[in-house]
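> Predicted model and sequence follow; I will ask about them next.
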Number of protein chains: 4
Amino acid sequence: MIKVSVVGAKGRMGSHVVEAVNAADDMELALTLDAGDDLTQITPVNTDVVVEFTVPSQSLNNVLTLVGQGVDVVVGTTGWTEDKLNQVREAVAAQQSVFIAPNFAISAVLADYFARVAAPYFESVEVLEMHHPDKVDAPSGTAIHTAQGIAASRKAAGLGPVPDNTQTDGGSRGQVVDGIHVHAVRLRGLNAHEEVLFGNAGEQLVLRADSFDRTSFMPGVLLAVRKVESGEFPGVTVGLDNFLDL
Amino acid sequence: MIKVSVVGAKGRMGSHVVEAVNAADDMELALTLDAGDDLTQITPVNTDVVVEFTVPSQSLNNVLTLVGQGVDVVVGTTGWTEDKLNQVREAVAAQQSVFIAPNFAISAVLADYFARVAAPYFESVEVLEMHHPDKVDAPSGTAIHTAQGIAASRKAAGLGPVPDNTQTDGGSRGQVVDGIHVHAVRLRGLNAHEEVLFGNAGEQLVLRADSFDRTSFMPGVLLAVRKVESGEFPGVTVGLDNFLDL
Amino acid sequence: MIKVSVVGAKGRMGSHVVEAVNAADDMELALTLDAGDDLTQITPVNTDVVVEFTVPSQSLNNVLTLVGQGVDVVVGTTGWTEDKLNQVREAVAAQQSVFIAPNFAISAVLADYFARVAAPYFESVEVLEMHHPDKVDAPSGTAIHTAQGIAASRKAAGLGPVPDNTQTDGGSRGQVVDGIHVHAVRLRGLNAHEEVLFGNAGEQLVLRADSFDRTSFMPGVLLAVRKVESGEFPGVTVGLDNFLDL
Amino acid sequence: MIKVSVVGAKGRMGSHVVEAVNAADDMELALTLDAGDDLTQITPVNTDVVVEFTVPSQSLNNVLTLVGQGVDVVVGTTGWTEDKLNQVREAVAAQQSVFIAPNFAISAVLADYFARVAAPYFESVEVLEMHHPDKVDAPSGTAIHTAQGIAASRKAAGLGPVPDNTQTDGGSRGQVVDGIHVHAVRLRGLNAHEEVLFGNAGEQLVLRADSFDRTSFMPGVLLAVRKVESGEFPGVTVGLDNFLDL
């Protein structure tokens, strides 16, 4: 049994992590701490892996403290810069593992990866993302990342621009990211969804990732806990794709 | 058996009409004429209904000649203006039927109709159309028509604008037609496709019409032939929705 | 402002109704009652419409009591038989309205209706439903209802059986309901989804209704409250389609 | 320029190959032969690669003859057994390449591959295939292959059976292939389509491959011609996935 403590246990994500750990057959919940609690209560005696979901302004300090306590850490808080990552890299011990991910949704990470693999083999490709209408930015960072990956993959394969004979358009063709058209739909009822359409003469390949709610990140968090605890990934690892056998 | 003659029988659409009439149990192929042939060969003796698929510059003359011959006519040629329609309306006899449609794809006509019916019941709605990359205009005329119908339906129901808190966007949110966001995808392998997404808290309704190739128009053409021949639609009728029991 | 009381206010559905009423601009929350509470607290003085979401064994008694109190009622509890409905029909006063619905999801009700309208115009049609893997029955009652409606519509239009030249199959072609093939998918992450595929030569029409969570029923509940309170539907009305302008 | 000859040039597939070769910038059409023609007209002087699309009863002899002529061969004819493959393996020269594929649709081959890669990371998975109603077998061989690959991938990763609490079903849950539920839809208007749905709590990944018509195989055929001509794949290679950088 992996002993898992949660920092930010009462937060929107942290409370789901507590539930997910309780439901996992191979894990047991250790300490659940929140803002104001003393993180030095967490030690290798009571905890194998800590999951940290707090806020960007506190996360670096939390992670440095936890590293100092000698436990492994899975970090879901966003806002990590290269400078912050380097501070963690310097602090982490030889046999210790810290994992940080911008996105824990396995389906989204796989779709992003598959899109880069498929890109060289299709004449056409476009990216659609669909989110709830309260999202303030468009397109999503994930969609931009996917489009950039596709563009890089096409370039490496020597492909030219996608075919497009559109002569009159009032904006319906979307935003062009590195030559790839990206469309953003905002619709009440949806959460976070991405679709990549690839086309050749007579055929289409569609990759679609749906995140219906916050529980969608839990399988990725549990996977990260298991991988970090395995000892196979010493040091600082960034990105869930490192834990998928791709 | 309905005796059907085809004008423009060697054209892209006309040749499919010839095949479809031959395959229909309740129809028999009468005359097949093309550019340069004498249309006065067509008479009520040999023909019940003529299907005319030629070019905009010839269609009005063809239809007036056929009306003068005393037969019913189904017209698939585009480019009809109100002025041209009026010339046919004046020429048509009391018991004669002429039918003209901008779109014979039953799935597209139904999706367009369903979209107007559903519109009052959803907070959010967006329209996507997907076509082959050789299409020169974007968005499609059909998508604009659908968006306008949705907008009119929402207005009649007293709905306000769709929710959208997007604050930064480089074009991914598409073209706004009467307040409705319309997105156009261009992808090799596709033909003509439309998707309407409706959303409320916790739910989504999707309407999608796919036209894979020109044979998609044949069920609509055959339906029109039967309706015109039934005598229930004297005069000039415009739009396939008139022949659907909606 | 419509004064709305909720019976079963602490239940899974009732608690969402309380939230939805509080969020609606044209409604105010009156009494929130639960098992053991005295329903005669509810009177026309404090309440215009009661929403009742309890359990089948209590619902009839609750509704009869509420009808006796002289208020309008929207019933979301399932398990209504023709005999139970008749008891309510006899009890309801001339100017009183009671509404009962097996399904409050507007998208599902519309998809079911659109399927019956579209059915006469397509050679092929199949029904897919997709639910979470904890659902004990397959296919869903909604999918069976949709298939039956399609079959009746095809029969009324004189259509024969759907084309199907399958000669060897180990069960992949699904369950046949009144001649219509119905497929049931069970997938973790999904909630309740239905898709109807219609096909003709060269074309496809897809109708899809997604219910992502229980909030998907709230727009339908609020619509019913408004319709019941309008006084336009005296007596007992069954089915949300009666409140949609179809 | 790669000099490409086509054997079976007047057949349904072969005629598309002739068109595709003519349209390719890096290829030129050499000889086009058909039943009854002398294959020994094809030599390394006039031909770099032969594409053979004939019938199972003739294909082995054709390929052996072509191998004897000293040219590289891409074979699209089906019906290859291990015994037939061995005869070609023995005949092929050291620097010669023969490629045989059961499926040239790149989108289908990629979806099949991606399904095996994704399988270990999801609790649930089901396979749907959709074809025209004249297909005599169900489910498709491709869908069975995909389900088997998914099952093997899950087993290798130590996953148990997919969750399914269905207690009453009249066949809607489909055919179970190695523990994976497979559904087959037959719909006029469709050609050949496959969809794989993966699910975890709160998330879904969808892989979909659409083959709209026979031209969908041409990008795969042209890719195979280029790979075979490159000399990087001496001997007999089976399966298009060998030519994709996966």
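Nice, I can see it. Numbers count the residues shown, from 1 in each chain, chains lettered A, B, ... in the order given.
> separation between the nearest residue to residue A:205 once chain neighbours are set aside and residue B:20?
The spatial neighbour of residue A:205 that comes closest, neighbours along the chain excluded (Cβ to Cβ, 6 or more residues apart in numbering or on different chains), is residue D:107 at 3.8 Å. C-betas here are computed from N, CA, C, even on glycine. According to Cβ to Cβ, to the nearest Å, residue D:107 stands 30 Å off from residue B:20.
> Which one's more surrounded, those two?
residue D:107 (29 against 22; other Cβ atoms under 10 Å in any protein chain shown).
> so what pLDDT did the more buried one get?
Note on residue D:107: pLDDT of 97.
> likewise residue A:183?
98.
> Please apply the same query to residue A:210.
98.
> Now do stretch A:39-52: distance to the chain's middle.
23 Å (Cα atoms, centre = their mean, to the nearest Å).
> Sorry, slip of the keys, the one I care about is stretch A:206-223.
Chain-centre distance of stretch A:206-223: 9 Å, with Cα atoms, centre = their mean.
> these two touch, right, residue A:163 and residue B:187?
No. Between residue A:163 and residue B:187 there is no contact, the gap being 9.1 Å when judged by Cβ atoms under 8 Å.
> ok, those two, which is more surrounded?
Shown here are residue A:163 and residue B:187; by other Cβ under 10 Å, residue B:187 has more neighbours (24 against 14).
> pretty sure that one contacts residue A:199?
Yes. With contacts counted by Cβ under 8 Å, residue B:187 reaches residue A:199, the gap being 3.8 Å.
> ok, back up a step: for residue A:163 and residue B:187, list the residues in contact with both.
With contacts taken as Cβ atoms under 8 Å, 6 or more residues apart in numbering or on different chains, residue A:163 and residue B:187 have A:124, B:133 as neighbours in common.
> before we move on, the earlier item: OK, contacts around the residue nearest to residue A:205?
Residue D:107 neighbours (Cβ under 8 Å, 6+ apart): A:122, A:198, A:200, A:203-205, D:209-211, D:216.
> Which residue does chain A have closest to chain C?
residue A:212 (5.8 Å; Cβ to the nearest Cβ).
> Okay, and the spatially most central residue of chain A sits in which element?
Centroid-nearest residue in chain A: residue A:103, 1.2 Å away (criterion: Cα atoms, centre = their mean). If you go by DSSP states H and E, residue A:103 is not part of any helix or strand.
> and if you look at residue A:237?
Assigned by DSSP H and E, residue A:237 falls in strand A:235-238.
> Can you spell out which helices and strands pack onto that strand?
helix A:82-91, strand A:97-100 (3 or more Cβ pairs under 8 Å, 6 or more residues apart in numbering or on different chains; DSSP states H and E).
> The first one: how far from the chain's middle?
Read it as helix A:82-91. That offset, for helix A:82-91, works out to 19 Å (Cα atoms, centre = their mean).
> Name the surrounding residues that touch that helix.
Outside helix A:82-91, the residues touching it (Cβ under 8 Å, 6+ apart) are A:60, A:63-64, A:67-68, A:98, A:100, A:235-236, A:238.
> where exactly do the helices run in chain A?
A:12-23, A:56-68, A:82-91, A:106-118, A:141-156, A:218-229 (DSSP state H).
> Residue A:135 - how many residues pack around it?
Residue A:135 has 19 nearby residues by other Cβ under 10 Å.
> Residue A:131 too?
Residue A:131: 23 neighbours (other Cβ under 10 Å).
> and the closest residue to it other than its chain neighbours, what does it touch?
In this structure, residue A:131 finds its nearest non-sequential neighbour in residue A:192, 5.5 Å apart by Cβ to Cβ, 6+ apart. For residue A:192, the contact set (Cβ under 8 Å, 6+ apart) comprises A:105, A:108, A:129-132, A:140, A:142, A:210-211.
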